[in-house]
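Trainee: no sequence on this one, just coordinates:
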């Protein structure tokens, strides 16, 4: 708690256990040792992912496990050249997968007329995200580390081609996985105080949220300093990320890319 | 593992620990005891949610905690009348929240021209889902149970009004939380064998995926029988869910609803 919010006056949690300890200690890892994953790791990570809820048990998601060095390097090139994609032992690409139901419908001669709607696409995106987050908890529980790769959406059609994705399957994000290098300084990233994200009964944009934002802006400078990053604070950093299409690494054309991949998003 | 896939020949996992045990035992709960949540539960659940990754630390999500009986009942009416929404002690509504950055941009006189794009909307949806899934793990670790409510998307504008959501904030899904009634028979729902969802190097729609689908179809009938549900199997059930707009409970108009809530989805 203390580290996540960096507030010395954070109350000591009334409830605590090892799983909470694991969840609250999460940090993204981009530096991995040159060590293989333990045998059975991928299977148990997948079982954890599949144990997450899925809307109406539709299971409109899949995951591709990439270990081939050349393919990892090509995917790294497509995702902004991130070094940890090249370095990791396992790269998971999490998919919104409507092809399974589409194929079943065709094979059984049944209409699947809901598939072209934005709703079902979103169901697949949420399914994939819930599964992926359970995978994160599972892999961290066995001493591994990971990092989500949103940049896997920079060039969706090229990623789809590399992974031989059929129409109506979309790579929502990637995830590098490996044994974290203990020498790397991967700090727990501070977040907004709860007053900013937790609303009671109704949404509020008021003083409490403003104060939480200002507090994070300040403590984020400390974090950036520790990490050897420019001390620009949280507000400047996030506003810079959403300033316009020039900061979107091509993702401003996501809608067109999805159309090309078969998603009507009706 | 055995229960999740219902296969007597499932290999014994090479890796095991208490957190994995918790993840793999997940089941949705719709029957709760008339007991309050323990003090501090909401705070630790929120801290776990905030500890999930968030794209570029944008934190484009929020959550509304609803405990008021009248408001729960009204939201239940908007979400298909589900009884557990009325019964639960805590209803969380998970939001894609672009208003925080929009407000900050306005207040600082900075452009936030990326916000109207589908990409940023999707970032908010994924952020909310990752946070929510961490919340699920946290609440289950302290003996609570929950159920996701996709039906919170049946009438997005009315839900937004009830929660006083500003423009550019959208309720992605709800979640009922309570102390599970041990007398209720909430079984672990079987999933597709790993061959269907876990692809190696490239996506495959082949015999292995087909076989996993057929196997689930069979074991799902056993599950439905145990739960006192019609034994229609998995394939019929899911194809029925995506057969057309008549099965979508109004969610076929999600795109229009999002437009009305301020999301251009450019």
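Mentor: Nice, I can see it. Owing to the predicted nature of the structure, the values given are computational and were not obtained by experimental measurement. Numbers count the residues shown, from 1 in each chain, chains lettered A, B, ... in the order given.
Trainee: Would you mind giving the secondary structure of residue A:175?
Mentor: Counting by DSSP: H, G, I helix; E, B strand; the rest coil, the backbone at residue A:175 sits in strand.
Trainee: gap between it and chain B?
Mentor: Separation of residue A:175 from chain B (CB to the nearest CB, to the nearest Å) stands at 9 Å. For every residue, glycine as well, the C-beta is placed using N, CA and C.
Trainee: what about that residue, neighbour count?
Mentor: Using other CB atoms under 10 Å in any protein chain shown, residue A:175 has 24 neighbouring residues.
Trainee: residue contacts, it?
Mentor: A:91, A:92, A:93, A:94, A:132, A:135, A:136, A:146, A:147, A:148, A:149 (CB atoms under 8 Å, 6 or more residues apart in numbering or on different chains).
Trainee: what's the closest non-adjacent residue to it?
Mentor: Nearest non-adjacent residue to residue A:175, counting by CB to CB, 6 or more residues apart in numbering or on different chains: residue A:92, 4.5 Å away.
Trainee: Any idea what the one you found is bridged to?
Mentor: residue A:65, residue A:175 (DSSP bridges).
Trainee: Same check on residue A:170?
Mentor: Applying DSSP bridges, one finds that residue A:170 bridges with residue A:96.
Trainee: In this structure it contacts residue A:263, no?
Mentor: Yes: between residue A:170 and residue A:263 there is a contact under CB atoms under 8 Å: 6.6 Å.
Trainee: Please enumerate the shared neighbours of these two.
Mentor: In contact with both residue A:170 and residue A:263: residue A:121, using CB under 8 Å, 6+ apart.
Trainee: Which parts of chain A are strands?
Mentor: Ranges of strands in chain A, per DSSP state E, are A:61-66, A:90-97, A:145-149, A:169-178, A:198-200.
Trainee: Those: which one's closest to residue B:27?
Mentor: strand A:61-66 (18.8 Å; CB to CB).
Trainee: and the closest one, what does it pack onto?
Mentor: Here strand A:61-66 touches helix A:41-51, strand A:90-97, helix A:118-141, helix B:194-197, strand B:198-200, going by 3 or more CB pairs under 8 Å, 6 or more residues apart in numbering or on different chains; DSSP states H and E.
Trainee: Helix A:41-51 and that strand, what's the angle between them?
Mentor: Per axes from the mean of the first three to the mean of the last three CA atoms, to 10 degrees, the angle that strand A:61-66 makes with helix A:41-51 is 170 degrees.
Trainee: residues making contact with strand A:61-66?
Mentor: A:42, A:46, A:49, A:54, A:72, A:75, A:90-97, A:100, A:124, A:127-128, A:131-132, A:135, A:163, A:169, A:171, B:196-203.
Trainee: can you give me the angle that strand makes with strand A:169-178?
Mentor: Using the same axes, to 10 degrees: strand A:61-66 against strand A:169-178 is 50 degrees.
Trainee: what's the burial count for residue A:221?
Mentor: Every residue meeting other CB under 10 Å relative to residue A:221 is counted, giving 17.
Trainee: give me the number of residues near the nearest residue to it once chain neighbours are set aside?
Mentor: Distance criterion CB to CB, 6+ apart; nearest residue to residue A:221, sequence neighbours excluded, is residue A:231 at 4.5 Å. Number of residues near residue A:231 (other CB under 10 Å) recorded here: 12.
Trainee: I'd say residue A:231 and residue A:225 touch.
Mentor: Yes: Residue A:231 lies in contact with residue A:225 (CB under 8 Å); the separation is 5.3 Å.
Trainee: State the pLDDT value of the residue lying farthest from the centre of chain A.
Mentor: Distance to the chain centre peaks in chain A at residue A:109, reaching 35.8 Å (criterion: CA atoms, centre = their mean). Looking at residue A:109, its pLDDT reads 96.
Trainee: quick one on the thing from earlier: looking at the helices and strands packed on strand A:61-66, which is closest to residue A:28?
Mentor: Nearest of the helices and strands packed on strand A:61-66 (CB to CB): helix A:118-141, 9.7 Å.
Trainee: what angle do that closest one and helix B:41-51 make?
Mentor: 90 degrees.
Trainee: average model confidence for helix A:118-141?
Mentor: 98.
Trainee: what do you get for stretch A:145-156?
Mentor: The model assigns stretch A:145-156 a mean pLDDT of 98.
Trainee: can you give me the end-to-end distance of it?
Mentor: End-to-end distance for stretch A:145-156: 25 Å, by CA to CA, to the nearest Å.
Trainee: so how far is that stretch from its chain's centroid?
Mentor: With CA atoms, centre = their mean, to the nearest Å as the basis, stretch A:145-156 stands 7 Å off its chain's centre.
Trainee: still on that earlier bit, so the residue nearest to residue A:175 makes contact with residue A:177?
Mentor: Yes: using CB under 8 Å, residue A:92 makes contact with residue A:177 at a distance of 6.5 Å.
Trainee: which residue sits closest to residue A:158 in space, ignoring its chain neighbours?
Mentor: Nearest to residue A:158 is residue A:78, by CB to CB, 6+ apart, at 5.2 Å.
Trainee: how many neighbours does the one you found have?
Mentor: Using other CB under 10 Å, residue A:78 is surrounded by 21 other residues.
Trainee: thought it was touching residue A:153?
Mentor: No: judged on CB under 8 Å, residue A:78 makes no contact with residue A:153 at a distance of 10.0 Å.
Trainee: related to what we said a few turns ago, list the residues that contact the residue nearest to residue A:158.
Mentor: A:152, A:154, A:155, A:158, A:159, A:162.
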